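> A structural model of the following input is requested.
(one chain, ligands or ions: 1)
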Amino acid sequence: MAILPVRIYGDPVLKKRAAEVTVFGESLRRLIADLRDTMGAYHGVGLAATQVGVLERVAVVDVPLDEEGTKRASHALVNPVIEHRASSQTAEEGCLSIPGIFEDVTRAEQIRVRYQDEQGHGVTLDADGYLSRAIQHEVDHLDGVLFVERLSALKRQFLRRALDALARGELPEGYAPPLTHGQGGAS
Ligand code: NI
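Sure thing, here's the model as predicted:
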């Protein structure tokens, strides 16, 4: 198990477009396991490889489907492509790379996403609601796009000071990332 440090706003890697995965082997499976471990440790509902500094088109989502969070939609998406978007939804969004900032974002309500599983098999998934939102957020990460860039110019202006502070390495009060440890198994 490896919990990796999540890169924070201002880290240039978050602005980069991730590359297609072409090799479906042990290192991809390890990356997916690490993303799942890291997402769980940070209590996230999604995490893109970009956020741990790996520029490969891989993301995981783990979204509660009911109020108690007992029923969940959990997917590892390799090379995801959103093929179809319909209708729209607006809801509050946050990001593990932008701690302390939560804002309403408008996205498609329904999507059809095509991706590959960790063996390289093609999968087509129809998603709506929260799952649809999480997948769109993670695919944005793989394109170097953060949710704050989906806000109006006025809203972004309003958040400027908080974002600049994050970029300077000033984390919000009470921010406590989980203890991280690398591949070696050190704790
Ligand atoms: Ni995010």
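
> now the residue lying closest to Y42 once chain neighbours are set aside: how far from S87?
Computed as C-beta to C-beta, 6 or more residues apart in numbering, the closest residue to Y42 that is not its neighbour in sequence is L96, at 5.2 Å. Quick note: C-beta positions are derived from backbone N, CA and C, even for glycine. Noted for L96: a distance of 27 Å to S87, by C-beta to C-beta, to the nearest Å.

> next, G122: phi, psi?
Backbone torsions of G122, given as degrees, to the nearest 10, read phi -70, psi 140.

> where does the residue positioned nearest the centre of the chain land on pLDDT?
Per C-alpha atoms, centre = their mean, the C-alpha nearest to the average position across the chain is that of L47, at 3.2 Å. Note on L47: pLDDT of 98.

> what is the helix or strand containing it packed up against?
Secondary-structure assignment from DSSP states H and E places L47 in strand 46-48. If contacts are counted by 3 or more C-beta pairs under 8 Å, 6 or more residues apart in numbering; DSSP states H and E, strand 46-48 sits against helix 26-41, strand 58-64, helix 129-142.

> repeat the analysis, applying 6 Å as the threshold.
The helices and strands touching strand 46-48, judged by 3 or more C-beta pairs under 6 Å, 6 or more residues apart in numbering; DSSP states H and E, are strand 58-64, helix 129-142.

> residues in contact with the residue nearest to Y42?
V6, Y42, G44 (C-beta atoms under 6 Å, 6 or more residues apart in numbering).

> was I right about the first one contacting Q51?
Yes - the pair V6 / Q51 is scored as a contact, 5.2 Å apart, by C-beta atoms under 6 Å.

> report pLDDT for P178.
Reported pLDDT for P178: 86.

> and it, how many residues sit next to it?
Residues lying near P178 (other C-beta atoms under 10 Å) number 14.

> for it, which three-state class applies?
coil (DSSP: H, G, I helix; E, B strand; the rest coil).
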